[in-house]
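Participant: following is a predicted model, sequence given first.
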Amino acid sequence: MFSTPIVKDVDYDKVYEPSEDSFCFLDCFEDQKEFLEERLGKKVTPLLVEIGTGSGIITTFLLQNILPDAVYMATDVNPSACTSVLNTVRLNCPQRACLVDSLRMSLVSGVRRNLVDVLVFNPPYVPATEVPKYSQKGDDDSNWLDLALLGGKDGMITTWQVLNDLEEILSSRGVAYILFCARNKPENVAEEMRSRGWRVDIVFKRKAGWEVLSILRFIKV
């Protein structure tokens, strides 16, 4: 069993605190380590992108334990999160911190087409009347935590933005891991994506309090 990264000096009034959904990813990737090693091979250094990195605990865990030689791009609209992921990586993996870059952007808007080998997304999945707006000016926006949690209708508005672009995001060997709660209707999502030519597997599922969380793996057939 791999150790959980240490997270320090993060302003949890602005940055999403590691919670059950974060730890689901850590346990999931411990199980997926062998699959990813076989899928990616060793000929080309893989590019891993995490959308909405928050504290950086997931990117750090992957670098520390799962894909130590990959190149990492951590993206978040929250400038405090962009700083936090780099601090967490440097604290836990000082010798490999050079492999991680943090960019302030919406989803993967600045990533070149078909370059991502592993996409990781813990989206704002809580159903709400709308997706909160955010400021692009600085880190004093009061909506950062709402942005990390609230996903609009069915909690799926932001997630569908990524799913609809997966074909242009992933490389030929690419694989995406995305988290869903039961209210997102993940079975319906999987059925729709399979109809579009994707292989979709539920690779992790856990009851977390009153919620059931699942991680789905997407591979283009």
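Facilitator: Arrived safely. Residues are numbered from 1 along each chain as shown.
Participant: the closest residue in space to Asn114 that isn't next to it in sequence in helix, strand or coil?
Facilitator: In space, and not counting its chain neighbours, Asn114 is closest to Ser171: 5.5 Å by CB to CB, 6 or more residues apart in numbering. In this view, the C-beta of every residue, glycine as well, is placed from N, C-alpha and C. Following DSSP: H, G, I helix; E, B strand; the rest coil, the label given to Ser171 is strand.
Participant: quick one, what contacts Ser171?
Facilitator: Contact analysis of Ser171 by CB atoms under 8 Å, 6 or more residues apart in numbering lists Leu47, Asn114, Leu115, Val116, Asp117.
Participant: now the residue of the chain positioned farthest from its centre: which helix or strand?
Facilitator: In terms of distance from the mean C-alpha position of the chain, Lys43 ranks first, at 24.6 Å (CA atoms, centre = their mean). Under DSSP states H and E, no helix or strand contains Lys43.
Participant: look up phi and psi at it.
Facilitator: Main-chain torsions, Lys43, degrees, to the nearest 10: phi -80, psi -40.
Participant: so which residues make contact with the worst-scoring helix or strand of the chain on mean pLDDT?
Facilitator: Here the helix or strand of the chain ranked lowest by mean pLDDT, DSSP states H and E is helix 144-149, holding a mean of 87. With contact meaning CB under 8 Å, 6+ apart, helix 144-149 is reached by 13-16, 52, 54, 77-78, 80-81, 124-126, 131-132, 134.
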